[in-house]
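Engineer: Whatever this is, show me its structure:
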Amino acid sequence: MTSLGFSRLHLKNRTIIRTSPRLSSSSSSHQNTPKSYASQWSILNAAMDSIFAMDMRELSFEDLYKIAYDLVLDNNGERLYTDISEKLVHRINSHCNATLQDKLSTPEFLPTLTQLYADYKRAARTITDILMYLNMNIANIRVSHGKTILRRAVDIFYETLVSACKDQLREELLRRITKERDGEQIDRKLMATATMMLSDMKCYDEVLEAPLLKLTQAYYSDLAQKWSKECTVPVYLEHVYQRVNDEAQRVEVYLNAQSGPLIDHILREHMVTKHMDFILENPKQGFVQLVHNDQVQDLTRMYFLFSFSEEHLKKMVSRFEKYIFETGRDYVLDPANLQDPISFVDGILDQKKTYDVLCEKSFSNNQLFRDSLDTGFSHFADGNLQKRIAEFLSIYLDFAMRNKTQDPDFLPSLDRALSVFHYLNDKDVFENYYKIHLSKRLLLSRSIAGTSASNDSELLFITKLKEKCGYSFVAKIEGMFNDMRLSKKSYEKFLEHRAYKERVQPLNIDLFVNVLTSSFWPTYTMSRAILPTPMKECTKAFTEYYKEIHESRQLTWKKNLGDGVMIARFPLSKHELVVSTYQMILLMLFNDVNELTYQEIKDTTNMPEKDLRRNLMMLFLGKHKLLAKEPKTKSIKTNDVFKWNAQFKSSQVSIKMSDQIIKESKDKDEHSKGGNTTGGSISGGTSSSGTRKPSAQDKSTSSANTEGLSKAAQVICDYVKKNSTITYKEVCQHLRESLGDDAPKPLEIKKTVEQLIQKEFIRRDDENRKILHW
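Structural biologist: Next comes the predicted model:
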């Protein structure tokens, strides 16, 4: 006996019977109830009619499965397969073909065809479930050629119906795609159903893809020609970028995935490759102009469109590197940019920041662009084209270190400065300048010498230098810091020494001495200036102490490096003066006398004439006029008389003199007479600026001449004049608000501000360079 085990799986509209036959070795159940093939086929045939009619209420899928199962066991599989195929052909001819004929030339053609196929395939799946055992034995059925019932059903639909109307189908699909490309709405769901139908029938390539690629090539070739004549480069890039995304979305929604790369290649070939010169070389709106104007979004689109080809990217990279070099070269060689070292370095850093942003946001940090950025920068920022880059970078760092408490971006500014240092070829030149400026910070700033917190930023930068250049590069610089630490310890011991208690303490003078190792520090000129008696006594006391500890060492006093604090009592006020050693020598002369001639001062102090003139002018021409001179001119003659300024008065208790600078000049009246005199004017600020405050006459002249300035310069002048005092950030914001799209780029704004400062329309604040005054 044979028994059959059935498992029943209920679905929405039908029941699928899965069986696992258990056969005895001698016989099977169908032999007990023999039936003819014709009677069994008639049952299956009627069942298929009901399935196609979607009326399956009276069908028993279990019985139908058993009938098909028995037919296969009786070796009627090939006959059953053939009859099923003929039934499917008949169904298509009798129903589908007749339904479609009336729709061939109407808008309902495609919806009708896809609906017919959907209904047909749904029925074919149900029939396949009934004939599951036939599919399981398909390998033994020669006429099937290995095709399952469902596969054969799909092939029959194509061969019988679709192949006859594939030209109309192709035209309809291409018409709808073109309509959508032209901006009209189409039924995307219908298109997805149609392309899936073609994929099922394995005719997608023949019916749609091949003609679609040909159409795409012609369509975008014509469109690119039109846009390149009508559009600017940014607009062209935007259009092409949008088309690439549209085509990608079209593939994702309803085309076969295999068409995506082919369509994308055609689009880029005809809209990018064949218009490369228009995009890259356009003199007004090409790649160079996009970089110059920081058009990040447009450059992002360009990079996206070029990224499919390494050759295209290399063309972008080549122009990027060339632009960086030429822009940087013109900047570092422009004499106008050399007026202010701080602004000069800021300009280079702004360029670097701009290109870094482009590499990150527009070029996806592509290594080709990163390398071209480094190469372009190294060609103009290496110190060969402009020898002063190393010096200006050191001045920039010096300014940053001195103003770190006022600058919230101090630490990032160190990293940006190091990025420029990286490009220097001769880093030893930078080291020499850095040591000079560092020595002044260490020696002339009591806060740096006295607190470890202030040293942290200095040591942080030294650590960064060490990481880049190795220990040997910073060995001498670290030796300078070590000298400062040892000096502090030495000072503590000096306070306990008898020389201090016997010779310095009675003078009521606080003395601090930095002992410098000559091999670590910059070379300083020897000063033969004569110290006042109290100061001389202090130096002798320290020398006595030091010789007892280090017998073999020799001390050389650098009188031009020190500074100090003096208590000055004027008839109208009392002040604490922060002055250099030279200024201290000059002021202490007037403790004993009321007036001295220039020649007497020179003979008494033995100070170098250049230093003497400079420091005297600080004292009688500066903001705080501690001395008075007769005659009251800006020049200094041999017989000029200097007096203690008894009329001096200031609201400031503490007055700092040592940070004022002199701009040497000749008095016009004296020079015309041939007199050997030197005059000058004084301005507050750092030694890097050398600008002076305009007088009232200067201001009126400046106001009258603003008409000859650029539009941006006039806006800046009017804004600063209106507000008297503003920040640089406010200037940039006001320009953007006033000029809109015509506002200059940050680097151009900075250059315009420097030109206005040079022409004395505006000036920087003495304490904070980011503040501007009219």
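Engineer: what about Glu548, how many residues close to it?
Structural biologist: 11 (other C-beta atoms under 10 Å). Heads up, the C-betas are built off the backbone N, CA and C, glycines and all.
Engineer: Likewise for Phe494?
Structural biologist: There are 20 residues near Phe494, going by other C-beta under 10 Å.
Engineer: for the stretch 301-450 of the chain, what spans make up the helices?
Structural biologist: Using DSSP state H, counting those that start in this stretch, the helices of the stretch 301-450 of the chain run over residues 310-333, 341-357, 367-380, 389-402, 410-421, 427-444, 446-450.
Engineer: Over to stretch 97-105 now: how far is its first residue from its last?
Structural biologist: Using C-alpha to C-alpha, to the nearest Å, the end-to-end distance of stretch 97-105 comes out at 14 Å.
Engineer: Go ahead and name everything in contact with that stretch.
Structural biologist: Stretch 97-105 is touched from outside by 109, 112-113, 116, 160-161, 165, 168, with contacts defined as C-beta atoms under 8 Å, 6 or more residues apart in numbering.
Engineer: can you tell me how far Leu735 sits from Asp294?
Structural biologist: 15 Å (C-beta to C-beta, to the nearest Å).
Engineer: can you give me how far stretch 619-636 is from the chain middle?
Structural biologist: 52 Å (C-alpha atoms, centre = their mean, to the nearest Å).
Engineer: And stretch 762-774, by the same measure?
Structural biologist: Between the centre of stretch 762-774 and the centre of its chain there are 29 Å (C-alpha atoms, centre = their mean).
Engineer: now do stretch 291-309
Structural biologist: 14 Å.
Engineer: go on, stretch 548-562?
Structural biologist: Counting by C-alpha atoms, centre = their mean, stretch 548-562 comes out at 51 Å from the chain centroid.
Engineer: what residue ranges in the stretch 601-750 of the chain score low on pLDDT?
Structural biologist: 658-708, 741 (pLDDT under 70).
Engineer: for the stretch 151-300 of the chain, same thing?
Structural biologist: Applying pLDDT under 70 to the stretch 151-300 of the chain flags no residue at all.
Engineer: the helices in it, which residues?
Structural biologist: Going by DSSP H, counting those that start in this stretch, the stretch 151-300 of the chain shows helices at 166-181, 188-200, 204, 210-230, 233-253, 259-271, 276-281, 287-292, 296-306.
Engineer: and what of the stretch 451-600 of the chain?
Structural biologist: Using DSSP H, counting those that start in this stretch, helices in the stretch 451-600 of the chain cover 452-469, 471-494, 498-499, 533-549, 581-588, 598-605.
Engineer: Just say which of these is most tucked in.
Structural biologist: helix 581-588 (a mean of 22; mean count of other C-beta atoms under 10 Å).
Engineer: now for it, which elements pack on it?
Structural biologist: helix 533-549, strand 563-569, helix 598-605, helix 609-621 (3 or more C-beta pairs under 8 Å, 6 or more residues apart in numbering; DSSP states H and E).
Engineer: repeat that with 7 Å
Structural biologist: strand 563-569, helix 598-605, helix 609-621 (3 or more C-beta pairs under 7 Å, 6 or more residues apart in numbering; DSSP states H and E).
Engineer: pLDDT on that helix, on average?
Structural biologist: Helix 581-588 shows a mean pLDDT of 91.
Engineer: what's the burial count for the residue lying closest to Lys352 once chain neighbours are set aside?
Structural biologist: Using C-beta to C-beta, 6 or more residues apart in numbering and skipping the chain neighbours, the partner closest in space to Lys352 is Ser419 (5.8 Å). By other C-beta under 10 Å, 17 other residues sit near Ser419.
Engineer: from here on, count from 236
Structural biologist: Understood, numbering begins at 236; the last thing we discussed is Ser654.
Engineer: And Ser654, how close does it get to Thr698?
Structural biologist: 16 Å.
Engineer: Same question for His505.
Structural biologist: Counting by C-beta to C-beta - His505 and Thr698 are separated by 55 Å.
Engineer: same thing with Asn690?
Structural biologist: In terms of C-beta to C-beta, Asn690 sits 12 Å off from Thr698.
Engineer: same check, this time on Val378
Structural biologist: Look at Val378 and Thr698: by C-beta to C-beta, they are 84 Å apart.
Engineer: now do Tyr963
Structural biologist: 30 Å.
Engineer: circling back to that earlier point, looking at the helices of the stretch 386-535 of the chain, which is closest to Leu796?
Structural biologist: helix 522-527 (46.6 Å; C-beta to C-beta).
Engineer: Next, the buried residues of that closest one.
Structural biologist: 522-526 (16 or more other C-beta atoms under 10 Å).
Engineer: ditto for stretch 419-428
Structural biologist: So, applying 16+ other C-beta under 10 Å, buried residues of stretch 419-428: 426, 428.
Engineer: That stretch: how far from the chain's middle?
Structural biologist: How far stretch 419-428 lies from its chain's middle: 41 Å, per C-alpha atoms, centre = their mean.
Engineer: do stretch 831-841 as well
Structural biologist: With C-alpha atoms, centre = their mean as the basis, stretch 831-841 stands 59 Å off its chain's centre.
Engineer: Just want the most central residue of this protein.
Structural biologist: Val592 (1.7 Å; C-alpha atoms, centre = their mean).
Engineer: so who does that one touch?
Structural biologist: Val531 (C-beta atoms under 7 Å, 6 or more residues apart in numbering).
Engineer: What's the local residue count around Val888?
Structural biologist: Residues lying near Val888 (other C-beta under 10 Å) number 9.
Engineer: ok, now how distant is it from Leu861?
Structural biologist: Applying C-beta to C-beta, the value for Val888 to Leu861 is 15 Å.
Engineer: Also Thr562?
Structural biologist: For Thr562, the distance to Leu861 - C-beta to C-beta - is 48 Å.
Engineer: quick revisit: ok, Leu970 and Asp529, which is more surrounded?
Structural biologist: Applying other C-beta under 10 Å to Leu970 and Asp529 shows that Leu970 carries more neighbours, namely 22 against 16.
Engineer: Would you format the helices of the stretch 686-835 of the chain as a markdown table with distance to Ile583 included?
Structural biologist: Listed next are the helices of the stretch 686-835 of the chain as a markdown table, based on distance: least, C-beta to C-beta, whole Å:
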| stretch | distance to Ile583 |
| --- | --- |
| helix 687-704 | 18 |
| helix 706-729 | 22 |
| helix 733-734 | 51 |
| helix 768-784 | 44 |
| helix 816-823 | 35 |
| helix 833-840 | 42 |
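Engineer: quick one: contacts of stretch 388-398?
Structural biologist: The contact list for stretch 388-398 (C-beta under 7 Å, 6+ apart) reads 320, 323-324, 327-328, 331-332, 335, 352, 355-356, 359, 382, 404, 435-436, 438.
Engineer: how about 10 Å then?
Structural biologist: For stretch 388-398, the external contacting residues (C-beta atoms under 10 Å, 6 or more residues apart in numbering) are 319-328, 331-332, 334-335, 348, 351-352, 355-356, 358-360, 362-363, 382-383, 399, 401, 404, 432-433, 435-438, 441-442.
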